[in-house]
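Trainee: got a predicted structure plus its sequence, pasted below:
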Amino acid sequence: MSDVLIVDDDVEAREAMRRYLEKAGHEVECVSNGRQAIVALGKRTPDVVVLDHMMPEMNGIGFLEVVRCYLRWSDLPVILVTAYPDGPHIKRAKELGVVKIFPKAYYDLSELANYVEAVVRPLIDPANPQPPTPGDVP
């Protein structure tokens, strides 16, 4: 079992991801913007963050820019789920170490769950030490 932090202001999308990932055996915490996510990280560092880009108060890129300033979160795996898979924020997300980008319009939850597993497996199973890297981002 792994810890997943979902950061998304879309209640329906967030809850669908939460239910699916919990069913897959993950412990999931949900927040609705980048500021809340930073507070959540201060309490407990998850194994992976599933992050939306467009959110009020602090968007996904703002969150990443803050988080990557801290050594303890510098290599925290982040999966970006965005309604806008094209645009300047995608380049910046890659620069900030996002390991995977899922377009909200056409991904399925099983694909997301499989990728979460691929990211956290090396953290849990030292016999399989090859996590996805930022270079794996399409």
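Mentor: Great, that's in hand. Numbering: from 1, shown residues only.

Trainee: secondary structure class for the spatially closest residue to Arg18 that is not a sequence neighbour?
Mentor: Once flanking residues are discounted, Arg18 sits nearest to Val28: 4.9 Å by CB to CB, 6 or more residues apart in numbering. Backbone N, C-alpha and C define where each C-beta goes, glycine included. Recorded secondary structure, Val28: strand (DSSP: H, G, I helix; E, B strand; the rest coil).

Trainee: quick one: Val28 and Val39, what's the gap?
Mentor: 16 Å (CB to CB, to the nearest Å).

Trainee: also Ala93?
Mentor: Counting by CB to CB, the gap from Ala93 to Val39 is 21 Å.

Trainee: with Asp3 instead?
Mentor: 15 Å.

Trainee: so which of the two has more stuff around it?
Mentor: Relative neighbour count places Asp3 above the other of Asp3 and Val39, with 16 against 10, counting by other CB atoms under 10 Å.
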